[in-house]
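Novice: Sharing a model prediction with you, sequence too.
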Amino acid sequence: MHEYAKVVNRFTFEFIEKFCDIDGNILWEEIVKFNSAGTTS
């Protein structure tokens with residue numbers, strides 16, 4: 001369980017760092033850009 005908690009904490013930290021503003025609001029536009037980066041039309 002300790003290793004699982006470490007992975008969740010790391011994921012949460014990276015998500016907040018990349019996809020949240022200073023107030024903790026989710027930057028949905030950044031998530032859409034990230035999810036669309038590998039796709040082509």
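Specialist: Perfect, I can see it now.

Novice: Spit out the contact partners of the closest residue to residue 27 other than its chain neighbours.
Specialist: In space, not counting the residues next to it along the chain, residue 27 is nearest to residue 19; the distance is 5.3 Å by Cβ to Cβ, 6 or more residues apart in numbering. All C-beta atoms are positioned from the backbone trio N, CA, C, and that covers glycine. Contact partners of residue 19, counting by Cβ atoms under 8 Å, 6 or more residues apart in numbering, are 26, 27, 30, 31, 34.

Novice: quick one: which of these sit in helices?
Specialist: Within the contacts of residue 19, membership in helices is found for 30, 31, 34, as judged by DSSP state H.

Novice: can you list these in JSON lines and add neighbour count and distance to residue 10?
Specialist: Rendered in JSON lines, the data for the ones in helices among the contacts of residue 19 read as follows (neighbours: other Cβ atoms under 10 Å; distance: Cβ to Cβ, whole Å):
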{"residue": "30", "neighbour count": "13", "distance to residue 10": "19"}
{"residue": "31", "neighbour count": "13", "distance to residue 10": "18"}
{"residue": "34", "neighbour count": "12", "distance to residue 10": "17"}
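
Novice: Can you add distance to residue 15 and give those residues back as TSV?
Specialist: Conversion of the ones in helices among the contacts of residue 19 to TSV gives the following (distance: Cβ to Cβ, whole Å):
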residue	distance to residue 15
30	10
31	9
34	10
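
Novice: how about those in CSV, adding pLDDT and distance to residue 11?
Specialist: As requested, the ones in helices among the contacts of residue 19 are arranged in CSV below (pLDDT from 0 to 100; distance: Cβ to Cβ, whole Å):
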residue, pLDDT, distance to residue 11
30, 96, 16
31, 96, 14
34, 94, 14
